[in-house]
Each structure stands twice: as C-alpha cells, then as structure tokens.
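>>> fold the following.
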Amino acid sequence: MLLFALMAGMVTWTGAAQAHGTIVNPASRAYQCWKTWGSNHMSPTMQQQDPMCYRAFQANPDTMWNWMSALRDGLGGQFQARTPDGQLCSNALSRNDTLNQAGAWKTTNVSRNFTVQLYDQASHGADYFRVYVSKQGYNPTTQKLGWGNLDFITQTGRYAPSQNISFNVSTSGYTGHHILFVIWQASHLDQAYMWCSDVNFV
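Coordinates of the predicted model:
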C-alpha cells in the first residue's frame, strides 16, 4: 500500500494529464531507477552501486520522475515500422534515450513462468499487451535492443480499466540476463507504451 501511495504522490510532479503507468514487476528501467533512488537520487553511492541508473539520472532526471509517461500517440499498431532499432527501450522518445543504453542494469529474478504487473494510475485499460523476450545469446550489457533480438511470446486480450493489471507469461529455454519487452496499447486513445525490464531467468 505504501508503494501505491508513493505512486499517487508522484502525480503531483507531472500533472493528471501526464499520469499513466508502467510495468512495476518486473520493474521497467525508469521505474526501477525511480523506486530505488528517487528519494535518494543525490547519493554519491549510486554511481558505484547502480551505474546505469546513475547515467540515466545524470542525462535527464525527468525520465525517472515521469516513469508513467513514456507514451506515443497515433502509431496505429505500426510499432516495428515506426520504432527504430536501438530505440525500443525509450519508446523512441529522445528524452528517455539513456534507457536504450547497454549495460549492467539491475535485474529481477523470474522463473520460466512469471506474472507481469502493470500499474496504471489513470485506469485506461488495455486493448492488449504484446510481450517479447530477448533471444538466448543476446547480451543486454553490450548490445542495444533491436527488433531482431526479440522472440515474440504472447499477445493478451483486452483488459477493463483498472489501476492494477496482471497477466501470466510462460516461456522456455531462457537462462540468465534477458530483456522483457512489453508494448501496452491503451484503450482510451491510440496510445502506445513500450518498456524494457531487465530480468534474470533462474
């Protein structure tokens, strides 16, 4: 409950018009940085303990403060055609470019079957979610993510408006550090969100 109270408090930073959501588990890159360092983002220990979040905060702190606002309008489902390789983790938003950088992002441990959790402050609902996992052999610490690095896992059905949406994902054959790439097609408008979450298959 404390987590969601903190989330609600963050709306004051961005205004209601910008309040949407993100994948909170496994945490998207911007959300993970905000959750871990948002209340301590001036700490000198971040550079050693979490260098990727440190780089992101140095480049543009707004990426983390607005972790719920990584949307683009009017893609019409043309996600791959209109999102260049190397820009998937930022949803092709230049202000969030540090999220595309390869490196030692903090990971969330998952098993071959796991649950994805979305927090949507504005309760938009979903036409669907598309879920991908980076291919075995792709190295997130040295390579930016491109469409050719992804295995398509599943597309969900519709979800009614809710602040909290969860769905199960089943995979096989993955070990170690991978990127979970999720596209959320929101229901209220043609708004597409794309996120990278770093996971460690155990």
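
>>> hang on, M194 in a strand?
Yes. Judged by DSSP: H, G, I helix; E, B strand; the rest coil, M194 forms part of a strand.

>>> all strands for this structure, in order.
Assignment of strands within the chain using DSSP state E yields the ranges 21-25, 71-73, 108-110, 113-120, 126-134, 150-155, 164-170, 176-186, 191-201.

>>> make a markdown table out of those strands and add mean neighbour count.
Heads up, the C-betas are built off the backbone N, CA and C, glycines and all. Formatted as a markdown table, these follow (neighbours: other Cβ atoms under 10 Å):
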| stretch | mean neighbour count |
| --- | --- |
| strand 21-25 | 24 |
| strand 71-73 | 14 |
| strand 108-110 | 15 |
| strand 113-120 | 18 |
| strand 126-134 | 21 |
| strand 150-155 | 15 |
| strand 164-170 | 14 |
| strand 176-186 | 22 |
| strand 191-201 | 23 |
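
>>> just put the ones you listed in JSON lines and tack on mean pLDDT and distance to A59.
Written out in JSON lines, the entries for the strands of the chain read as follows (pLDDT from 0 to 100; distance: least, Cβ to Cβ, whole Å):
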{"stretch": "strand 21-25", "mean pLDDT": "96", "distance to A59": "18"}
{"stretch": "strand 71-73", "mean pLDDT": "93", "distance to A59": "20"}
{"stretch": "strand 108-110", "mean pLDDT": "98", "distance to A59": "23"}
{"stretch": "strand 113-120", "mean pLDDT": "97", "distance to A59": "24"}
{"stretch": "strand 126-134", "mean pLDDT": "97", "distance to A59": "23"}
{"stretch": "strand 150-155", "mean pLDDT": "98", "distance to A59": "25"}
{"stretch": "strand 164-170", "mean pLDDT": "97", "distance to A59": "30"}
{"stretch": "strand 176-186", "mean pLDDT": "97", "distance to A59": "19"}
{"stretch": "strand 191-201", "mean pLDDT": "97", "distance to A59": "16"}
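
>>> reformat the ones you listed as a markdown table; add distance to S43.
Shown next, in a markdown table, are these (distance: least, Cβ to Cβ, whole Å):
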| stretch | distance to S43 |
| --- | --- |
| strand 21-25 | 22 |
| strand 71-73 | 30 |
| strand 108-110 | 21 |
| strand 113-120 | 25 |
| strand 126-134 | 30 |
| strand 150-155 | 34 |
| strand 164-170 | 30 |
| strand 176-186 | 25 |
| strand 191-201 | 21 |
